[in-house]
Structure formats: structure tokens, C-alpha cells
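Novice: build the 3D model from these lines:
(one chain, ligands or ions: 1)
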Amino acid sequence: MFSRRAFLRTSTAALATFTNASAARVQSATRAIEGRAAAQVASDESYWREIQQAFTLDRTIINLNNGGCCPSPRVVHDALKRYLDVSNQAPVYHMWQILEPNIESVRRRLAAEFGCDAEELAITRNASEALQIAQLGLDLGKGDEVVTTNQDYGRMLDTWEQRVRRDGIKLTKVSFPVPPKSMDDLASRLLGAITPATKVLHFCHITNLTGQIFPVKQICDEARRRGIKTVVDGAHAFAHFPYKASDLGCDYYGTSLHKWLLAPIGTGFLYVRRENIPALWPLTPANASRANDIRKFEEIGTHPAANHNAIAEALTFHEGIGIERKSARLRYLRDRWATRLTQNPKIRLHTNLDPKHSCAIGTVQIVGQPTAKVIAKLWEKWRIIATPIVNDEYEGARITPNVYTTIEEIDTFATAMEEITRS
Ligand SMILES: Cc1ncc(COP(=O)(O)O)c(C=O)c1O
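Specialist: Now for the predicted structure:
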């Protein structure tokens, strides 16, 4: 059989072939801005040009829906393809014996970035899976109450609703204005809905609808004091703006890695505070001997190792930019279109631009025009992709740029919106 040493020789050679010039250019661009404040670098187009060139995009379209899932940089996508090629030689050996054990390096590095112990972090296929492990794995019975908001993610609400139908739990959904009055207002709406039957609070770290950031620690600390578990939906938060697990204080946290980390499609993680691991049931059952092991949540059967191993390359790319620089750039791009458009009386912004409240995401409405029509016009004339957000309380186009978005693309979007307001 292929020895480990022979494999390493071959893969090192392969690595040399795949090392791409754009990664080196990003590295040297980063060296050039070392020591400068993130806010200054946010508008340094010569730096961001190198980041833009690190992707293999279709620049005939302007993709302002990075809230769904994102393209990976070339270096990540190459790693994914390389691991798939290696796996396919003899998956039972190359994938299971060579690649799969290296998931532990990914766990260690993700845990370091998130700020938890590696033994508290399970790698999942997306945020839905991560959150559903918590939502469906908690022992809840008839009459137990879960408090959430009516702006939480649809699939996560559906998951709780299924428990209402199946287990007889009670679900309470609080509403809040957009933009909200204050962080305290958000906290008091959730905490104020707690009753003696409440066992769980479930809410977003940052919502997908308007990009509203929640005062997670304030809510979680109070919930903990009252003996209530907290499930935080961080699908949009990880690698978007700076924070660590200790800034949150939650019991369970689920995130996507194919959004802001730019890892391959089909990656996410679940954080479970160590003391909660034994009592949380996995979604896909595991042997009883693994009850205290975070890996019990990864017993999903045969799956590609390529996806989760290429997360390591995405982490390297992410760390190369640095979270402070990345979030400063994302806010710079968002503010560039938002401050211009809010000069127009026909434009209403549903996102608070204060950095404590939001980062890359902004939801904007043209008053008097149905959002579906605005989205269609953006696509038909300018090939701009934006997401319609329409609910009973408000509507608008959700705009999410990414590190690869150019100033010209942002300005084209703003010009397009101004033209649509006149139509
Ligand atoms: C707030 C929120 N939660 C959960 C999810 C689900 O994420 P995933 O598609 O990675 O399962 C999303 C996806 O957009 C989301 O925006």
C-alpha cells in the first residue's frame, strides 16, 4: 500500500504545482500595509485590488448577495479540488486514512479563531445542521417554552415549529422594530418574554434580514442567571466582524463557513459549551461511549473530507487579511452606497449604520416601489444580484458586498438605485 511518507512526497510536489501566484501577491500586498490602521487600509484600493484578483469570478455580473453563500478564493477552491483528486485515487485509503484524520487540525484552528476549546467544536455541513443539532437535541417536553424572534431564520423557526407539533413545546416569537431603538431595547424584548416555562432563548447574533447585530452577551448572561439555555444563530457572524466566544457567553452557537469565511460550500460548525455536551443528543445517533465527545455530533456517515479540510486554507486566507481590516473594508463598502443613497428622500434604510449595530449587510427600500420589481430592474439592466426581503413589517433589497467587491461595482449599484427611484 501507498506509505504515508510516499504520500507526503507526492502531495508536497502537488502543493508546489498548485501554489498560485495570486496568493503570493496577496501576501506581499499585506506586507506593504502592515502597521497601518484598519480604517486607513479600508480605502486603499491598491491593497484590495490584490484581494479582488485572488478570486475566479464572473465580473459580468455584480454579486451583491454574499449573504447566501460566497465564492471561495482561488487558493481555497484549488485545495478543495486537490483533496477531491487525492480522495478519488482510493477513497477508503486516501480519504479515510490520509485526509480524514486531518479534520483535527481544522478543529484546532477553528477553535482558536472562535476562542473556544477544540473539544467544544464540531464541524458540520452548514449552520442549519449545527443549529438543528442543538434545537432537536435538547430534552424538551410538553409545555416547555422556547423564546425567539419573528426575524430569526425561517428554517430555524420551522425546526422549532416542528417540535411544537411533535413534542408539544410552546414557541414565543417576539418582534422588534427595524432599525431597533437601542441594544437595550433588543435585549429587553427577548428577556421580557421569559416566563416560568421558558427553557431556551434562540436568537441571531446578526440577522440575515437587515444585518442587525444583537447584544448577545447581555442576553446570554441574564439567561444563564435564570437557568435558561441560549442557542445563538451565528450563521452570518463568523469571520465577518471581530469577536470571540467569551464575548458571547452562549450555550450553543452555530455558524456557516461558506459565507464570510469563504470556505467551500457545505461547511459550518457547532460550538457546544463543554458542560452541555453530555446532555445534548446528536442529530445522527452515535455510540453511547461517545456521549461526552464533541465528535459525536459528526457521525454523519460517509462524506467528502475535501470540504472540511479545505476550511484550513480559508482560515489562512482570512487570517492573511485580518478580521479588523476585513470588517473595516466591509463597512467602508456598505457605507459608500448607504450614505449616498440615504440623501435621496425616496430611499429608506432599514439598517442602523452604527458599527455596534451592523457591518457589511444593509437592507434598503425604494419607498412606493415593490421590492420584487426593484430586484428585477437591478438584474435586467445592470446584472446586479440582490436579495428581496419582504415580510409583514417591512421590505427592501438586502445588499451584501464582500472583500472581492470593487468600488466601481458599489457605485454602479448606487447609480442604478438612483435611476430606479426616478422611474
Ligand atoms: C440567520 C441564518 N441562519 C441560518 C442560516 C442557514 O445557513 P446554512 O445555509 O449555512 O445552513 C442562514 C442562511 O442564510 C441564515 O442567514
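Novice: run a quick neighbour tally on the residue nearest to G68 when sequence neighbours are not counted.
Specialist: Leaving aside its chain neighbours, G68 sits nearest to T387 (7.1 Å; criterion: C-beta to C-beta, 6 or more residues apart in numbering). Every C-beta, even on glycine, is put in place using the N, C-alpha and C of the backbone. T387: 20 surrounding residues under other C-beta atoms under 10 Å.
Novice: check the gap between T387 and the ligand for me.
Specialist: Distance from T387 to the ligand, counting by C-beta to the nearest ligand atom, to the nearest Å: 10 Å.
Novice: quick one, phi/psi of that residue?
Specialist: phi -110, psi 130 (degrees, to the nearest 10).
Novice: my guess is it meets W379, correct?
Specialist: No - using C-beta atoms under 8 Å as the test, T387 is too far from W379 to be in contact (11.3 Å).
Novice: burial measure for the closest residue in space to A23 that isn't next to it in sequence, as a count.
Specialist: Distance criterion C-beta to C-beta, 6+ apart; nearest residue to A23, sequence neighbours excluded, is V75 at 4.6 Å. Counted with other C-beta under 10 Å, the neighbours of V75 add up to 23.
Novice: residue contacts, V75?
Specialist: 20, 22-23, 54, 313, 316-317 (C-beta atoms under 8 Å, 6 or more residues apart in numbering).
Novice: Produce a PyMOL select command limited to the buried residues of those.
Specialist: Buried members of the contacts of V75, defined by 16 or more other C-beta atoms under 10 Å, are picked up in PyMOL with:
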select buried, resi 22+23+54+313+317
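Novice: just the closest of the contacts of V75 to K142, please.
Specialist: For those, the closest approach to K142 (C-beta to C-beta) belongs to E313, at 46.9 Å.
Novice: so what's the backbone phi/psi at the residue lying closest to the closest one once chain neighbours are set aside?
Specialist: Excluding the flanking residues, the one nearest E313 by C-beta to C-beta, 6+ apart is A79, at 4.1 Å. Backbone geometry at A79, expressed as degrees, to the nearest 10, gives phi -60, psi -40.
Novice: A79 contacts I311, doesn't it?
Specialist: No - A79 is not in contact with I311 according to C-beta under 8 Å; the separation is 9.3 Å.
Novice: those two - which one has more neighbours?
Specialist: I311 (29 against 24).
Novice: is it true that the more buried one touches L110?
Specialist: Yes - between I311 and L110 there is a contact at 6.8 Å, judged by C-beta under 8 Å.
Novice: which residues do the two both contact?
Specialist: Common neighbours of I311 and L110 are listed as 123, 257 (criterion: C-beta under 8 Å, 6+ apart).
Novice: what about the helices in the stretch 51-200 of the chain?
Specialist: 74-87, 91-93, 103-114, 127-137, 154-167, 183-192 (DSSP state H, counting those that start in this stretch).
Novice: what residues does the stretch 251-400 of the chain have near the ligand?
Specialist: Proximity of the stretch 251-400 of the chain to the ligand, by C-beta under 6 Å from any ligand atom, involves residues 256, 268.
Novice: how does it look with 5 Å?
Specialist: Residues of the stretch 251-400 of the chain lying close to the ligand by C-beta under 5 Å from any ligand atom are S256.
Novice: quick one: the helices in the stretch 251-400 of the chain?
Specialist: Taking DSSP H, counting those that start in this stretch as the criterion, the stretch 251-400 of the chain carries its helices at 305-309, 311-321, 323-341, 371-382.
Novice: in a markdown table, list those along with mean pLDDT.
Specialist: As requested, the helices of the stretch 251-400 of the chain are exported to a markdown table (pLDDT from 0 to 100):
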| stretch | mean pLDDT |
| --- | --- |
| helix 305-309 | 98 |
| helix 311-321 | 97 |
| helix 323-341 | 98 |
| helix 371-382 | 98 |
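Novice: please identify the most buried of these.
Specialist: Stretch with highest mean neighbour count among the helices of the stretch 251-400 of the chain: helix 305-309 (a mean of 23; mean count of other C-beta atoms under 10 Å).
Novice: who's in contact with the residue lying closest to A122 once chain neighbours are set aside?
Specialist: In this structure, A122 finds its nearest non-sequential neighbour in F297, 3.8 Å apart by C-beta to C-beta, 6+ apart. By C-beta under 8 Å, 6+ apart, the contact set of F297 is 122, 124, 133, 270, 272, 280, 282-283, 286.
Novice: out of the residues you listed, who's nearest I410?
Specialist: Closest approach to I410 among the contacts of F297 (C-beta to C-beta): T124, at 32.7 Å.
Novice: could you give the bridge partners of the closest one?
Specialist: G268 (DSSP bridges).
Novice: list the contacts for it?
Specialist: Contacts for T124 (C-beta under 8 Å, 6+ apart) come out as 130, 133, 254, 267-270, 297-298.
Novice: can you add pLDDT and give those residues back as TSV?
Specialist: What follows is those, written out as TSV (pLDDT from 0 to 100):
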residue	pLDDT
A130	98
I133	98
G254	99
T267	98
G268	98
F269	99
L270	99
F297	98
E298	98
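Novice: any chance of CSV for those residues, columns distance to A32?
Specialist: Output for those, formatted as CSV (distance: C-beta to C-beta, whole Å):
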residue, distance to A32
A130, 37
I133, 43
G254, 37
T267, 31
G268, 34
F269, 33
L270, 38
F297, 42
E298, 40
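Novice: for the ligand, state which of these is nearest.
Specialist: Set against the ligand, the nearest of those by C-beta to the nearest ligand atom is G268 (5.3 Å).
Novice: tally up the residues packed near the closest one, please.
Specialist: 27.
Novice: surely it is in contact with W260?
Specialist: No - the criterion here is C-beta under 8 Å, and G268 misses it with W260 at 11.6 Å.
Novice: quick check, pLDDT for the closest residue to R108 other than its chain neighbours.
Specialist: Nearest non-adjacent residue to R108, counting by C-beta to C-beta, 6+ apart: A118, 4.8 Å away. With respect to pLDDT, A118 scores 98.
Novice: measure A118 to the ligand for me?
Specialist: A118 is 21 Å from the ligand, where distance means C-beta to the nearest ligand atom.
Novice: can you tell me which residues contact that residue?
Specialist: Shown in contact with A118 (C-beta under 8 Å, 6+ apart): 104, 107-108, 111.
Novice: if you set the cut-off to 10 Å instead, what comes out?
Specialist: By C-beta atoms under 10 Å, 6 or more residues apart in numbering, the contact list for A118 reads 104-112, 294.
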